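1. Any chance you can model this:
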Amino acid sequence: MVLRSSDILKNSCNRSTASVRGGKAADLHPWIGVTSMATQMIERDLVGELGIKLISSDNHVNEPRDLFTSRFPAHLKDKAPRVVRGKDGGDGWSLNGEIPRRTYGLEAMAGFDKKDYRISGLTYEQLRAGNYNGAEHLKDMDIDGMYASVVYPAMGATFYVHPDKEVAAAGFQTYNDWILDDFQSADRKRLCGLALAPTELGMDFTVAEIKRIAKKGARAMYIPGSPSVPYNHPIHYEPLWQAAHEHNITLCFHRNHGGPPDKSDWDFADLSKSSLAVYTAKDGSLQSLPVRSVRRPLNHV
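-> A predicted model of the protein is given here:
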């Protein structure tokens, strides 16, 4: 029994809970009907009845808050990124102990009703567990009617611009171990976690990491969307292309994600004046609404 994204959008204002075969929906999914989440069960999976398996090519995680503090080498633990409380009362990632510029919000809106949408201000406890737990992520995919997902990083991409190269190297490898050994192990057939290719640390380190994660069964790697060396360089990335080919690793990148941010990145945004253009009117017209007026389906994108 699943809920399709289209039905979530169509019925996001309907707070009633439909009954499901074999028991009450609230018994199977205790969070159904909670007003802060836009969720509703339906009786039929029309996409599944057509024999279609939907795949999301752009899901995201929010890494566990203790990922780096608990797994970094002992001599680097004091430098490990960690989640701390921000000025707005929310939680966010701190690279060196400073108060985060922006706290959780935009990247953690999966399943939130439009009235609760926000660009920042969430605490870690308010995040849906599917953000950082593979088994819970699969449950959210089931609700959305997604068979499989390619999963991108969130905070992990900041290691491409971390000023301390030793910390960055530890961060890349810690993230890769977690996404492959922990998160996607919930179901390797349905979850394809992208390991991070540490291209900003040089090709020798990158090739060594490809060989290391290939032994773990990695199928794909993330490369930064804004590399310091353009991908059309005639020779710089040849070792990367060759190693990926030899180990059957698919390379993926995300626009404006990873590497030095460009002027369209949130790092340069005036968050107090931000809005999003979304299709909301009954006639499908494009409207610009404050960021708190938009909601997202359950798949973590």
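2. what's the average pLDDT for stretch 72-85?
-> In this model, stretch 72-85 has an average pLDDT of 97.
3. Repeat that for stretch 260-267.
-> On average, stretch 260-267 scores 61.
4. Stretch 106-124 too?
-> Rounded mean pLDDT across stretch 106-124 is 89.
5. For that stretch, list the C-alpha coordinates in CSV.
-> This file holds the C-alpha atoms of stretch 106-124, laid out as CSV (Å, rounded to 0.1, in the frame of the first residue of the first chain):
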residue,chain,number,x,y,z
LEU,A,106,15.0,23.8,3.2
GLU,A,107,16.9,20.5,3.1
ALA,A,108,14.5,18.8,5.5
MET,A,109,11.0,19.6,4.3
ALA,A,110,10.2,16.1,3.2
GLY,A,111,6.6,15.4,4.2
PHE,A,112,5.9,18.8,5.8
ASP,A,113,2.5,20.5,5.2
LYS,A,114,2.7,23.8,3.4
LYS,A,115,1.8,25.7,6.6
ASP,A,116,4.9,24.4,8.3
TYR,A,117,7.3,24.9,5.4
ARG,A,118,10.4,26.9,6.4
ILE,A,119,13.8,27.8,5.1
SER,A,120,15.5,27.3,8.5
GLY,A,121,14.8,27.0,12.2
LEU,A,122,14.3,23.2,12.6
THR,A,123,16.0,21.3,15.4
TYR,A,124,17.5,17.9,14.6
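6. Go through that stretch and flag the buried ones.
-> 106-114, 116-122, 124 (16 or more other Cβ atoms under 10 Å). All C-beta spots, glycine's among them, are computed from the backbone N, C-alpha and C.
7. Could you do stretch 90-105 as well?
-> The neighbour-count check on stretch 90-105 (16+ other Cβ under 10 Å) flags G90, D91, G92, W93, S94, L95, P100, R102, T103, Y104, G105 as buried.
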